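Asker: with the input below, show me the fold.
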Amino acid sequence: MNEEQEIRMFNNGLMLGIGIGAISGAISAFLYHKNKPLNADTVLSAIKQSFLQEGPIEGSWIEFDKKPRQKFAIKGKTYTGGISRIEDGTMVQYEFVADALTGTVIDIVRI
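Answerer: Numbers count the residues shown, from 1 in each chain. Below is the predicted model of the structure:
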């Protein structure tokens, strides 16, 4: 094997290594962001927007500490919060539990 072929093999190996590194970095970044919880304010804003589609709200709150939740074999982290609004002249409050990773409302109860 001559020197030119060795350089070409070295460059090909180097490019392959860089390519594999870039792909594994992209996969790692995707998995990190996929498993990163949403900010509590972001979750509350989305829930408030849903309520605002049906009318004005008077107040809202959310606990910033994520709580573990398990229902049967399903485990996750959740935020707890609430929305208050006036319905038929009466103040009504709703409490919700939302998934911390997706912001999806898991449970909501009218109090």
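Asker: what about the residue nearest to Gln70 when sequence neighbours are not counted, neighbour count?
Answerer: Spatial nearest neighbour of Gln70, excluding adjacent residues (CB to CB, 6 or more residues apart in numbering): Gly76 at 7.8 Å. Any C-beta I mention is one placed from the backbone N, CA and C, and that applies to glycine too. By the criterion of other CB atoms under 10 Å, Gly76 has 16 neighbours.
Asker: then Thr104?
Answerer: 13.
Asker: rewinding a little: what is the residue nearest to Gln70 paired to in the beta sheet?
Answerer: Under DSSP bridges, the beta-bridge partners of Gly76 are Arg69.
Asker: if I look at it, how far off is Pro68?
Answerer: Separation of Gly76 from Pro68 (CB to CB, to the nearest Å): 8 Å.
Asker: can you confirm Ile108 is in a helix?
Answerer: No: counting by DSSP: H, G, I helix; E, B strand; the rest coil, Ile108 falls outside a helix, being strand.
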